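1. Predicted model and sequence below, questions to follow.
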Amino acid sequence: MQRSLPIKILFAALFLSFLLPQLVLNTGCANQIPPTGGTRDSIPPVLISAKPADSSINFTGKKIILEFNEFVTVENASQNLLVSPTPKIPPGVESKLRAVTVTIKDTLEPNTTYTYDFGNAIKDINESNILKNFSYTFSTGNKLDDLEFTGKVLIAQSGLADSTLIAVLHRKGDDSAVIKEYPRYISRLDKAGNFHFKNLPAGTFYLYAFQDPGSKRYSDSLFAYADSPIIVSDSTKPVILYAYTEIDTRKSSKPPGGARTPPARGGNAAADKRLRLETTLQAGEQDLLKPFEVYFRTAPLKEFDSTKIIFADEKLKPITNYRIIRDTSNTKLTIDYPWVENTGYTIIVDKDFASDTAGRKLLKSDTLEFRTRKQSEYGSIRLRFPNLDLSKNPVLQIVQNGEVITSHVFRSRDYYVKLYTPGEYDLRILYDDNKNGIWDRGKFFGTRKQPERVVPVTRKLIVKANWDAEVDITL
């Protein structure tokens, strides 16, 4: 037994010499596995303390220190921080570690309640979690003003909201105040267009709304105003404003998509010499509901001879009951004709039918063949508005991608169309004060005329091919 002991020890040593490197190797691999990191922080910063305390009275300081529970930063304080009443000299704002320090540079008014509305400017550094709608209030008097005033701003032309606008209160009611002077109080709009003024004193104010260009004063973009002064008290009722642009900023209409551009022939040099045009055909088909249009892109037409255009059927038999219309800009020709479904047509254009202001013409005569769509590719719509007030001159607007596709002046509470292009549409009701069939903007300076009002319909219109859409809409 004693002789076998060294042999057992030798085997044990050999076993350990084999096992230990495997243990070391496995341990090394385990150390390379990264930690999971835990749950992502999604909680915004929390205010721990404020010096002086929020809602302080008899405030006389020049600095406000806001302490949070984690490292924070203030994003673009010069634009995001709204101070009411508006100071002549904006405060300084800086963040360091967990603190935000506000340095007051303007002279504070006596017996006045101030609100510093940071909006969504404060966020934590690690995950950029935003402390939403954070504000701080104090009074230089012995009490806080506690009156409130609410309302809504809608875009007059669409009836929708725009949260980029601000609502402001002025003390003076003359037209120039909104241009020359800072507002007394400012409120942001939420996504639904609502504003909420807090900590107001009793008194008379003049209400406006506009897109803030940075100066907190009127610009010629979206603008709205209240017809009468706002008397702030504990019984002030909400107000709805309708915003519009004082100047018509609408650009000239663009041609529809899918236009056909004839290929250039003879390379780039030839293309430069050639009169270039586009049509409204889509995949070689003509819409039954629209005229045939030709656009001239490079330059307006200088000369045009309609007798050098032949409009014919697919058997080349000339058609006579049509009109060719040239628009006033000399960049578009329209062929107006009562299209027949699923029918072939041919347009033959002589090379000298037109030239543009640069002297360009077609290189040679051109022939264009196309077919009209089938009626089965369209749907019909019947809309009924049982409680529509016809005394307000309502106009139905069918809208797609923000553009009014169809306007219909109501004579009754029903609207029926046999053929309509399939798609998804928004509906609006325009109350047409001057009965001209279109929306008219307002005019503040001088005349103080409010814009016409448009009310969106919450229900969408879905039109399908070869399908009848019948909808009852209660406004």
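-> Yes, it's here.
2. Going by neighbour count, list what's buried in stretch 107-119.
-> Buried residues in stretch 107-119, counted by 16 or more other CB atoms under 10 Å: 108, 112, 113, 114, 115, 116, 117, 118, 119. Where C-beta positions appear, they are placed from N, C-alpha and C, glycine not excepted.
3. Look up how far residue 372 lies from the residue nearest the centre of the chain.
-> In the chain, the residue lying closest to the centroid (CA atoms, centre = their mean) is residue 162, at 7.2 Å. Look at residue 162 and residue 372: by CB to CB, to the nearest Å, they are 41 Å apart.
4. From the buried residues of stretch 107-119, which land in helices?
-> In helices, judged by DSSP state H, none of these are found.
5. Residue 318 - how many residues pack around it?
-> By other CB atoms under 10 Å, the residues close to residue 318 number 10.
6. what bridges to it?
-> Note on residue 318: beta-bridge partners by DSSP bridges are residue 312.
7. quick revisit: does the residue nearest to the centre of the chain belong to a helix, a strand or coil?
-> Following DSSP: H, G, I helix; E, B strand; the rest coil, the label given to residue 162 is coil.
8. In a strand, residue 376, correct?
-> No. Residue 376: not assigned to a strand; according to three-state DSSP it is helix.
9. State the pLDDT value of the residue lying closest to it once chain neighbours are set aside.
-> The spatially closest residue to residue 376, leaving aside those adjacent along the chain, is residue 466, at 4.6 Å (CB to CB, 6 or more residues apart in numbering). On pLDDT, residue 466 comes in at 95.
10. And residue 466, how far from residue 422?
-> To residue 422, residue 466 is 9 Å away according to CB to CB.
11. shared neighbours, those two?
-> Residues touching both residue 466 and residue 422 by CB atoms under 8 Å, 6 or more residues apart in numbering: 377, 378, 379.
12. Quick check: buried residues in the host helix or strand of residue 418?
-> Residue 418 belongs to strand 414-420 when assigned by DSSP states H and E. Going by neighbour count (16+ other CB under 10 Å), the buried part of strand 414-420 is 415, 417, 419, 420.
13. doesn't residue 147 make contact with residue 233?
-> Yes. Using CB atoms under 8 Å, residue 233 is in contact with residue 147, at 6.8 Å.
14. Need the overlap of contacts for the two.
-> Residues within reach of residue 233 and of residue 147 at once, by CB under 8 Å, 6+ apart, are residue 202.
15. Looking at the two, which has the bigger crowd around it?
-> Between residue 233 and residue 147, counted using other CB under 10 Å, the more crowded position is residue 147 (17 against 11).
16. could you measure the nearest residue to the more buried one once chain neighbours are set aside against residue 85, distance?
-> In space, residue 147 comes closest to residue 200 once its chain neighbours are excluded; the distance is 4.3 Å by CB to CB, 6+ apart. The gap separating residue 200 from residue 85 is 10 Å, by CB to CB.
17. what does residue 412 give?
-> Plainly put, residue 412 is 53 Å away from residue 85 if you go by CB to CB.
18. the more surrounded of those two?
-> Of the pair residue 412 and residue 85, residue 85 is the one with more neighbours under other CB under 10 Å, namely 19 against 10.
19. tell me the pLDDT at the residue lying closest to that one once chain neighbours are set aside?
-> Using CB to CB, 6+ apart and skipping the chain neighbours, the partner closest in space to residue 85 is residue 184 (5.2 Å). We have a pLDDT of 96 for residue 184.
20. repeat for the one 10 residues further on
-> Predicted confidence (pLDDT) for residue 194: 97.
21. Next up, the contacts around the residue nearest to it when sequence neighbours are not counted.
-> Residue nearest to residue 194 in three dimensions, not counting chain neighbours: residue 152, with 5.2 Å by CB to CB, 6+ apart. For residue 152, the contact set (CB under 8 Å, 6+ apart) comprises 161, 192, 193, 194, 195, 238, 239, 240, 241.
22. repeat for residue 384
-> 413, 414, 415, 470, 471, 472, 473.
23. that older thread, can you pick out the most distant pair from the buried residues of strand 414-420?
-> 415 and 419 (13.8 Å; CB to CB).
24. Ranking by neighbours, what's the top pick from the shared contacts of residue 466 and residue 422?
-> Per-residue neighbour counts (other CB under 10 Å) across the shared contacts of residue 466 and residue 422 peak at residue 378, which has 23 neighbours.
25. mind listing what that residue touches?
-> By CB under 8 Å, 6+ apart, residue 378 lies in contact with 288, 289, 419, 420, 421, 422, 465, 466.
26. For it, give its distance to residue 290.
-> 12 Å.
27. isn't residue 375 right next to residue 288, touching?
-> Yes. If you go by CB under 8 Å, residue 375 and residue 288 touch, sitting 7.1 Å apart.
28. Now list whatever residues contact both of these two.
-> Jointly contacting residue 375 and residue 288 under the rule CB under 8 Å, 6+ apart are 341, 419.
29. These two - which one has more neighbours?
-> When neighbours are counted by other CB under 10 Å, residue 288 comes out ahead of the other of residue 375 and residue 288, with 19 against 15.
30. tell me the secondary structure for that one?
-> Residue 288 ends up coil, using three-state DSSP.
31. Distance check, it against residue 421.
-> For residue 288 relative to residue 421 (CB to CB), the value is 9 Å.
32. what do you get for residue 110?
-> Residue 110 is 66 Å from residue 421, by CB to CB.
33. For the stretch 251-400 of the chain, just list every one of the strands.
-> Using DSSP state E, counting those that start in this stretch, the strands of the stretch 251-400 of the chain run over residues 277-279, 285-286, 292-296, 301-304, 309-313, 323-326, 332-336, 344-349, 354-356, 366-372, 379-384, 394-400.
34. possible to save those as TSV with mean pLDDT and distance to residue 459?
-> Compiled in TSV, the strands of the stretch 251-400 of the chain are given as follows (pLDDT from 0 to 100; distance: least, CB to CB, whole Å):
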stretch	mean pLDDT	distance to residue 459
strand 277-279	90	35
strand 285-286	96	31
strand 292-296	93	32
strand 301-304	93	45
strand 309-313	95	42
strand 323-326	94	37
strand 332-336	94	34
strand 344-349	95	38
strand 354-356	92	47
strand 366-372	95	32
strand 379-384	96	10
strand 394-400	97	12
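35. wait, which of those is closest to residue 443?
-> Nearest of the strands of the stretch 251-400 of the chain to residue 443, taken as CB to CB: strand 394-400 at 20.5 Å.
36. list the contacts for the residue nearest to residue 61 when sequence neighbours are not counted?
-> Spatial nearest neighbour of residue 61, chain neighbours left out: residue 52 (6.2 Å); criterion: CB to CB, 6+ apart. With contact set as CB under 8 Å, 6+ apart, residue 52 has these partners: 59, 61, 64, 138.
37. Among those residues, which ones are in helices?
-> Going by DSSP H, the helices hold none of these.
38. Among those, which one lies nearest to residue 360?
-> residue 64 (68.5 Å).
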